[in-house]
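1. based on what follows, work out the 3D shape:
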Amino acid sequence: MNKAKRIGVLGGTFDPVHNAHLAMARAARDHARLDAVLFVVAARPPHKDTGPCASPEDRFNMVEAAVADEPQLRASPLELDRGGVSYTCDTLDELGRQAPAAKLFLVVGFDSLIDLPNWRNFQHVVASAGLLVAPRPGQYNHVPKELEGRYTVLPCPKFDVSSTDIRNRIRAGQSIEDLVPPAVVQYIREKGIYQ
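-> Sure thing, here's the model as predicted:
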């Protein structure tokens, strides 16, 4: 297949994947007319002091379960297979080698956009992929000067939910059914994750 593809890259620990992640991916797919959005499950994110709570296998399986009914959304084990610290610049390079004709788009939240200049080889990241940015609750008025005019804000709702909140709710015995896809709720219950 020689036709150039438009591929979105949504990276994260996904510990667990939740509805805001899916909303971002769908908004990116629809707004930028993407052929696919890859949920790239991080092996070890560089910006977190502690490791993920769930195993790499469980985090990947939860993403697969979450996107099972949406063929344009796909779980990617690229960073898990590579191992070590997961740097976006390395992931974009690998995807570029795998699909040299593809146009890549990095899908991030506004909070990540603000932090982007602190990422490894951030200029290379910006040169390698278009930036699709999901709004987040709160005020983000200070976009770094070097990123002004280099990103597109996605039309999607501002979700005030995080994987940390979901893990805390599970530990407290509270419902998470309005925050994660049903298949992920079922997986968490069956495996007893985050108890």
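
2. so, low pLDDT: which residues of this structure?
-> Applying pLDDT under 70 to the chain picks out residues 1-4, 47-51, 139-141.

3. go again using 50 as the cut-off
-> 1-2 (pLDDT under 50).

4. strands of that one, residue ranges please.
-> 6-12, 36-41, 73-76, 103-109, 130-134, 151-153 (DSSP state E).

5. what angle do the first one and strand 36-41 make?
-> So the one you mean is strand 6-12. Orientation of strand 6-12 against strand 36-41 (axes from the mean of the first three to the mean of the last three CA atoms, to 10 degrees) gives an angle of 20 degrees.

6. give me the neighbour count for residue 33.
-> 8 (other CB atoms under 10 Å). No exception for glycine: its C-beta is placed from N, CA and C like everyone else's.

7. distance check, it against residue 53.
-> Here residue 33 is placed at a distance of 35 Å from residue 53 (CB to CB, to the nearest Å).

8. who does residue 107 form a beta bridge with?
-> As for beta bridges, residue 107 partners with residue 132 under DSSP bridges.

9. pretty sure it sits against residue 129.
-> No: counting by CB atoms under 8 Å, residue 107 sits too far from residue 129 to count as a contact (9.2 Å).

10. who has more neighbours, those two?
-> residue 107 (28 against 22).

11. what sits against the more buried one?
-> 8-10, 24-25, 28, 37, 132, 134, 154 (CB atoms under 8 Å, 6 or more residues apart in numbering).

12. now do 10 Å
-> 8-12, 21, 24-25, 27-29, 32, 34, 37-39, 129-134, 154 (CB atoms under 10 Å, 6 or more residues apart in numbering).

13. now which of those would you call buried?
-> Buried subset of these (neighbour count, 16 or more other CB atoms under 10 Å): 8-12, 21, 24-25, 27-29, 32, 34, 37-39, 129-134, 154.

14. before we move on, the earlier item: overlap in contacts of residue 107 and residue 129?
-> 8-9.

15. the residue lying closest to residue 113 once chain neighbours are set aside and residue 24, how far apart?
-> By the measure of CB to CB, 6 or more residues apart in numbering, the closest residue to residue 113 outside its immediate chain neighbours is residue 133, 5.0 Å from it. Here residue 133 is placed at a distance of 9 Å from residue 24 (CB to CB).

16. give the residues shared as contacts by these two.
-> 107-109, 154, 156.

17. using CSV, lay out these together with distance to residue 84.
-> CSV is the format used below for the shared contacts of residue 133 and residue 24 (distance: CB to CB, whole Å):
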residue, distance to residue 84
107, 23
108, 21
109, 24
154, 30
156, 32
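
18. out of the residues you listed, who's nearest residue 88?
-> Ranked by distance to residue 88 (CB to CB), those are led by residue 108 at 9.1 Å.

19. from residue 32, how far off is the closest residue to the closest one other than its chain neighbours?
-> The shortest distance from residue 108 to any non-neighbouring residue, by CB to CB, 6+ apart, is to residue 133 (5.9 Å). Residue 133 is 11 Å from residue 32, where distance means CB to CB.
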